[in-house]
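> Just the structure for this:
(chains A and B)
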Amino acid sequence: MKHLRSIEELGHDGLVRLLELTNHMVEVNSRPVPKVPALRGRTVVSLFFEDSTRTRLSFETAAKRLSADTMTFSVSTSSVNKGESLRDTVETITDMGVDAFVVRHKSTGIPWQISDWTDASVVNAGDGWHQHPTQALVDCFTVRQALGCERFDGLTLTIVGDIKHSRVARSNISAFSMLGAKVILVAPPTLLPPDVSHWPVEVSHRLDDVLAHTDILYMLRLQSERMSQGHVPNLREYAETFGLDAARVGKLPSRAVLMHPGPMNRGVEMMVDPSTLPNSLIHQQVSNGVSVRMAVLFDLLAGESSTSHLSQVAS
Amino acid sequence: MSADDVRRAITRIAHEILERQQGPAQLAIVGLQRGGAWLAEAIIDALHQIEPNGAVPLGYLDVSMHRDDIGLRPVVPGAISRIDFPVDGATVVLVDDVLYTGRTVRAAMEGINTYGRPRSIQLAVLVDRGHRELPIRPDYVGKNLPTHLADDVRATRDGVVVSRGAAS
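Next up is the predicted model:
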């Protein structure tokens, strides 16, 4: 695998391979010294044109635990402010000798564009509304770990909220359906894409109708700027109709698990404190983030360049 | 080696380990994934036969993240490390089926150190086929088996088979 840009590009076999590899990384992270020399001599640069806490930090931690060197590019202090183009920025960093770009950008398709400009591997850490493949890997891994199953046949994933603007939703729809889950989207019509007929999903506008059949309840963040754009009348009405409150928690089957990609809007989509819910996987989603991203970086970078001159594999 | 030869070699190695350690205290057996896993289990069984009262902890170590030829061999799904006993101060006996270049053992010694600082690390192998590329020497050997570089050596409970490769 050269790049990780979307779940479709990764495919079912790649998805399963990365989930299996993550088991190895979870074990590494449980050691007293959670660091292995696997990517010694490799350099990973994080190129974030959008804000991020957990994705950027977990990628950088993952790179360091595999002994890779890391560079952080922050837009606010870079030559982008002097008008440097994205292409020049990428080529400049490539010239310094990097093995992987971890990219987040507000525009769809930027990771594909960047991979045309560099020989390094490109990891999509979020491009616009399009894809966020490592979040989907984290979520699939977390569900596998919590439910103790390898595939999701017979399970229903219900994604609630701003589907239209959500790269997390798009990647998760692909990944969970690849593993056999049925996916239901719940949102007001204004927060759904105009046409979802080519997606492997069912659509509902009433959260209360689907809770009883839900095994995995995935709440998305309602970005506050959506209100000013007229997608929802006001936050209170949204919370009433699509927020998770105690009464709705009561309608879920007892085995159902709760997920959220963070950051959470307490009092909007989350009207209960998830830390009081026994089946919340939100903390596991964060802690698995490092292990999953270690698996991704290892899969992309191990065995390229620096050892490829070895002609014979010794046992 | 036949299955009986393998069984007898394992019993002898278990006796030698206990003799050198003067008993099972502070001893731990770690099988290297995957070839060493079954052998480590067999050695644990043999130790228990000899010293029924002293339980020796068993661990597994996957060295793929520590190799110097990383990425040239695929990481085997499921062959995950599991060391759930304190390594600090223990005498850790690394166990592998076939000792060849010594690179796996070097990686394993580095790997063990991410779990703690053992009092000593020793090495038990069923077959030493020679051709070392590093200064590594086993403490307990089932059989020394001179081989050609092109040979393929398979060691299981059912015996040791050497397939002659094309002479180089």
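
> count of neighbours near residue 4?
With no chain named, the answer covers chain A. 27 (other CB atoms under 10 Å in any protein chain shown). In short, each C-beta sits where N, CA and C put it, glycine included.

> oops, chain B please
Neighbourhood size, B:Asp4 [other CB under 10 Å]: 9.

> So A:Ile159: helix, strand or coil?
Judged by DSSP: H, G, I helix; E, B strand; the rest coil, the three-state class of A:Ile159 is strand.

> residues making contact with the top helix by length along chain B?
As assigned by DSSP state H, the longest helix anywhere in chain B is helix B:3-21. Around helix B:3-21, the neighbours that count as contacts under CB atoms under 8 Å, 6 or more residues apart in numbering or on different chains are B:1, B:24, B:27, B:39, B:42-43, B:46-47, B:49-51, B:91, B:93, B:122, B:124, B:126, B:139-143, B:155-160.

> Now, those residues that are in strands?
The strands, defined by DSSP state E, take in B:27, B:91, B:93, B:122, B:124, B:126, B:140-143, B:155-156, B:159-160 from the contacts of helix B:3-21.

> Neighbour-wise, give me the winner out of those.
Counting neighbours by other CB under 10 Å, the one among the ones in strands among the contacts of helix B:3-21 with the most is B:Leu126, which has 32 neighbours.

> show me what contacts the closest residue in space to it that isn't next to it in sequence?
If the residues on either side of it in the chain are set aside, B:Leu126 comes closest to B:Gly142, at 4.0 Å by CB to CB, 6 or more residues apart in numbering or on different chains. B:Gly142 makes contact with B:Met1, B:Val6, B:Ala9, B:Ile10, B:Arg12, B:Ile13, B:Val125, B:Leu126, B:Val127, according to CB under 8 Å, 6+ apart.

> Determine the number of other residues adjacent to the residue in the stretch 101-250 of chain A that chain B sits nearest to.
Nearest residue of the stretch 101-250 of chain A to chain B (CB to the nearest CB) works out as A:Glu150 at 10.6 Å. Other residues within reach of A:Glu150 by the criterion other CB under 10 Å amount to 12.

> Check whether it really touches A:Arg144, as I assumed.
Yes: taking CB atoms under 8 Å as the contact criterion, A:Glu150 and A:Arg144 are neighbours in contact, 6.3 Å apart.

> What count of nearby residues applies to B:Asn53?
Each residue near B:Asn53 was counted by other CB under 10 Å, and the total is 7.

> Spell out the secondary structure type for it.
Each residue gets one of three states, and B:Asn53 gets coil by three-state DSSP.

> Would it be right to say that A:Thr92 lies in a helix?
Yes: per three-state DSSP, A:Thr92 lies within a helix segment.

> mind listing what it touches?
Residues in contact with A:Thr92 (CB under 8 Å, 6+ apart) are A:Glu84.

> Get me the contact residues on chain B for chain A.
Contact residues, chain B versus chain A (CB under 8 Å from any CB of the partner chain): B:62, B:64-66, B:69-73, B:75, B:77-78, B:80-82, B:98, B:100-101, B:103-104, B:110-111, B:113-116, B:133.

> Out of the residues you listed, which sit inside strands?
Judged by DSSP E, the subset of these located in strands is B:Val98.

> three-state assignment of the spatially most central residue of chain B?
Among the residues of chain B, the one closest to the centroid is B:Val95, at 1.5 Å (CA atoms, centre = their mean). Classification of B:Val95 by three-state DSSP places it in strand.

> so it touches B:Arg34, yeah?
No: proximity of B:Val95 to B:Arg34 does not meet the contact threshold set by CB under 8 Å, at 11.9 Å.

> Am I right that A:Met71 is in a strand?
Yes: the assignment for A:Met71, made by three-state DSSP, places it in a strand.

> neighbours around residue 75, how many?
Using chain A here. Here the number of neighbours of A:Val75 (other CB under 10 Å) works out to 15.

> You answered for a different chain; I wanted chain B.
Under the neighbour criterion other CB under 10 Å, B:Val75 is assigned a count of 22.
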